[in-house]
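Undergrad: Sharing a model that was predicted from the sequence below.
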Amino acid sequence: MKSIKPRKQRKELFTAPQHKKRKWMGGHLEENLLLKYDKRAVPVIKGDTVKVMRGSFRGHEDKIVSVNVKKQTLEIEGIIMTKADGKKIAKPIHSSNVLITKLNLTDQWRRGKLERGLSEEAKKEIEKEAAQQLKEAEEALAKAQEEKQKQEEEESEDVQESVMKEESKKSEDKKETSVKSDVPTKKASPKKATTTKKTTRKKAQKPASSKKVPSTKKKTTTKKTPPKSTKKKGEEKK
């Protein structure tokens, strides 16, 4: 930065493009790395092992998970903070509060920058370390894929077991419902017989009442017959 004024320095830091911010995100190297590569600081990338030098997590050493160039912060494995609602998130740490203990040499572009101005022996050592790190990365990927496959197989087995259990429960429920439906049909048959008997009794009583009605009518007709006979007797006397 050309200006000495903090106002202009702060403005340039916030308004700078990302390719400049990426270069400014540098971390100091440990003593053995400083002597090996003849450099004091290097831009930090994902995969570098790092030691925290300031803050509440001072002394914590682990790999970098991600790099946020816009905010100029790092996320390190094992450094977690809890929010007010109880959610756990990675705590961002500035690159200036970090010391690099091991470099990630899998990136060819980075290796080319580190090898500038070094002897051939140092270059060969860097390439050997890079080959070892690449093998370790491939093994880690293979292990991760195997674990994913195992998890998928276990999930599929759990799903099949749950489906089988549901089918067995449904079959048991059907059997119970069929047994329950058979039991009331046997009890309902004698009730129907009793109802039929009651109806037959009532039907038998009705025709008896109907026979009594015409008997009363006949009695009334027999009473009316004698006056006719008296009229005939008076006519004969005349």
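TA: All right, it came through fine. Numbering: from 1, shown residues only.
Undergrad: And the spatially most central residue of the chain, what's its pLDDT?
TA: By CA atoms, centre = their mean, the chain has its centre lying nearest to Glu155, at 12.8 Å. Note on Glu155: pLDDT of 87.
Undergrad: my guess is Lys51 meets Val98, correct?
TA: Yes - assessed by CB atoms under 8 Å, Lys51 is found in contact with Val98 at 7.0 Å. Placement of C-beta: from N, CA and C, glycine included.
Undergrad: Any idea how far stretch 96-111 is from the middle of the chain?
TA: Computed by CA atoms, centre = their mean, to the nearest Å, the chain-centroid distance of stretch 96-111 equals 38 Å.
Undergrad: swap that for stretch 73-86, please
TA: 23 Å.
Undergrad: Now do the longest strand anywhere in the chain: which elements does it pack against?
TA: Longest strand in the chain, counting residues (DSSP state E): strand 61-68. The helices and strands touching strand 61-68, judged by 3 or more CB pairs under 8 Å, 6 or more residues apart in numbering; DSSP states H and E, are strand 49-52, strand 73-76.
Undergrad: Which of those strands has the highest mean neighbour count?
TA: strand 73-76 (a mean of 21; mean count of other CB atoms under 10 Å).
Undergrad: Kindly provide the whole-number mean pLDDT of stretch 74-85.
TA: pLDDT averaged over stretch 74-85 gives 94.
Undergrad: just the helices in the protein please.
TA: Assigned by DSSP state H, the helices in the chain fall at 6-15, 18-24, 31-37, 108-114, 120-237.
Undergrad: Can you give the domain ranges for this structure?
TA: 1-104, 106-160 (automatic domain parsing).
Undergrad: of all those, which lies closest to Asp173?
TA: Nearest to Asp173, of all the domains of the chain, is domain 106-160, at 20.5 Å by CB to CB.
Undergrad: quick one: that closest one to chain centroid distance?
TA: For domain 106-160, the distance to the chain centre is 31 Å (CA atoms, centre = their mean).
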